[in-house]
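Enquirer: Sequence and predicted structure below; questions after.
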There are 2 protein chains.
Amino acid sequence: MPSLELTFLGTGTSQGIPVIGCDCPVCHSTDARDHRTRTSLLVKASDKHFVIDTAPDFRAQCLRERVTRLDAALMTHAHTDHIMGFDDMRRFCEMEDRAMPVFASAKTMAGIRSTFRYAFEDPQPWKNYLRLAPEIIAGPFQLGETTVIPVDLPHGRFTTTGYVLHRGGRKLLAYYTDCSSVPVEAVEAAHGVEVLVLDALRETPHPTHMNFDQALEASRAIAPGSTYLIHLCHEVSHAAKERELPEGCHLAYDGLTISVNGKISLS
Amino acid sequence: MPSLELTFLGTGTSQGIPVIGCDCPVCHSTDARDHRTRTSLLVKASDKHFVIDTAPDFRAQCLRERVTRLDAALMTHAHTDHIMGFDDMRRFCEMEDRAMPVFASAKTMAGIRSTFRYAFEDPQPWKNYLRLAPEIIAGPFQLGETTVIPVDLPHGRFTTTGYVLHRGGRKLLAYYTDCSSVPVEAVEAAHGVEVLVLDALRETPHPTHMNFDQALEASRAIAPGSTYLIHLCHEVSHAAKERELPEGCHLAYDGLTISVNGKISLS
């Protein structure tokens, strides 16, 4: 059976939750699911372990989830809250004594390169330096036996990359973070996927992120096995919102681990 | 009485401790003082609160220490482990609805600008965007009633900025992180300071950081009221090393808060 194990390393919006100096009930919640570091995902297949994005909290997330192996990083875009932990991947370079494959669109790679110029332009021989094997995405690619389909998503006036993962003839995961809508091509690429992970910032509309209504509408169009909502802000109380969601839809939270077993046939 | 309150936000070397995937005793220590985020310092005076450096762990450090006010940031250099939390200062911009004064040498500011280009070159009107008031250091400057004396320090082939803080006619703090030695001008600038904070990576020599022997030698030359060692690596066990240090010398640790009362007269 083709399978993936997904661990949500972070599920929060750019400031994280608690927000510094904020007195709101969610920021003071005693429910650990309300404490959200910046959004990223760990994907484990039998042959490859990889992350989607390296949030500012990447080191703390790796310690929390005891991540000791990383074979690649897939980047969605170069915004601060998705890339600032990038340098901490050097520990995985050190442990395996190799360069880290990093997959990104040309524009995203340029943004990452501008931010982490030293690693791209001034490589060092030290075993614990960040060593990179950058791969600019031009279409579907393989990560071991996983086929990765990149999908353009609008993030306001910006474009991010969504990822749809196939394995063993099954469509296992669609990961669409930081998008203001899901265009028809992205709906088609994800249609019938086993697990859909979707940006859903809050109740009220936002120029660069989907709100709950928009995310749930996209979920209905994609018709996945189940949907997990991410990139949540401190207006969202996990317990209260989870109760309101339709069947098969959940709020993700930091540390949530789910198995994707490929039981759903592709239509 | 002139006084400062210092809180060590982080005291660890670039990978932090625990190091991801490391099985050493210090990385598995149950002594909280062995768990070190990346090095930075919070300085509170009666009129201004400021940080020296914004480590990757800056948000977590602010939450841990309940930092709710920040009036300025002083930057020592633009290496990753000292600047990657820079964007998280935008919460302090938001709370006070103002630009954050950032002090750095011309070279350090250029490095930060290259990394956080959007905030320098593409300012946005949003209240929660990182808004900056960059100040290139050309000599001593005032932060309210605190006089800040910048001092050049060698960090291998690189130069970092040390800071000596005077207040009410007293020399209260010298903060010398990331230096491979303390040159005579920097010894003189810090001489007789009440609290000296010094880079001391580990026992064995390193090309860009002082080891314990070098740091203790610099401390003897500076003759401070007390010395706190920072930027420690996972070879250093807090409890074991603290016992070996001479009187007046200590290992700093994350969360340590000390008062600097200005009781020592300037010689």
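Expert: Nice, thanks for sending it over. Numbers count the residues shown, from 1 in each chain, chains lettered A, B, ... in the order given.

Enquirer: What degree of burial does the nearest residue to residue A:38 once chain neighbours are set aside show, as a neighbour count?
Expert: Distances taken as C-beta to C-beta, 6 or more residues apart in numbering or on different chains put residue A:55 closest to residue A:38, at 3.5 Å, once the chain neighbours are dropped. For glycine as for every other residue, the C-beta is placed from the backbone atoms N, C-alpha and C. Using other C-beta atoms under 10 Å in any protein chain shown, residue A:55 has 26 neighbouring residues.

Enquirer: from memory residue A:55 sits against residue A:13, does it?
Expert: No. Counting by C-beta atoms under 8 Å, residue A:55 stays clear of residue A:13, with 10.9 Å between them.

Enquirer: need the contact list for the residue nearest to residue A:38.
Expert: A:9-10, A:37-40, A:61, A:81-85 (C-beta atoms under 8 Å, 6 or more residues apart in numbering or on different chains).

Enquirer: that older thread, give me the common contacts of residue A:55 and residue A:13.
Expert: Common neighbours of residue A:55 and residue A:13, counting by C-beta under 8 Å, 6+ apart, are A:38-39, A:81.

Enquirer: top of those by neighbour count?
Expert: residue A:38 (31 neighbours).

Enquirer: which bits of the stretch 101-250 of chain A sit near chain B?
Expert: A:114-118, A:128 (C-beta under 8 Å from any C-beta of the partner chain).

Enquirer: Pick out whichever of these sits closest to residue B:122.
Expert: Of all those, residue A:114 has the smallest distance to residue B:122: 12.5 Å, by C-beta to C-beta.

Enquirer: Give me the below-cutoff pLDDT ranges for chain A.
Expert: Along chain A, the parts satisfying pLDDT under 70 run over A:1, A:263-267.

Enquirer: which one of the shared contacts of residue A:55 and residue A:13 sits closest to chain B?
Expert: residue A:81 (7.9 Å; C-beta to the nearest C-beta).

Enquirer: Generate a ChimeraX selection restricted to the buried entries among the contacts of residue A:55.
Expert: With 16 or more other C-beta atoms under 10 Å in any protein chain shown as the criterion, this ChimeraX line picks the buried residues out of the contacts of residue A:55:
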select /A:9,10,37,38,39,40,61,81,82,83,84,85
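
Enquirer: on that earlier part again, now the shared contacts of residue A:55 and residue A:13 as a markdown table including secondary structure?
Expert: Shown next, in a markdown table, are the shared contacts of residue A:55 and residue A:13 (DSSP: H, G, I helix; E, B strand; the rest coil):
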| residue | secondary structure |
| --- | --- |
| A:38 | strand |
| A:39 | coil |
| A:81 | helix |
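
Enquirer: So which residues of the stretch 1-150 of chain A form strands?
Expert: A:4-10, A:40-44, A:49-52, A:72-74, A:100-104, A:132-136, A:141-143, A:146-155 (DSSP state E, counting those that start in this stretch).

Enquirer: Of those strands, which is nearest residue B:176?
Expert: When the strands of the stretch 1-150 of chain A are compared for distance to residue B:176 using C-beta to C-beta, the nearest one is strand A:132-136, at 32.0 Å.

Enquirer: Can you tell me what sits against the closest one?
Expert: By C-beta under 8 Å, 6+ apart, the surrounding residues in contact with strand A:132-136 are A:99-106, A:109, A:113, A:119-120, A:123, A:141.
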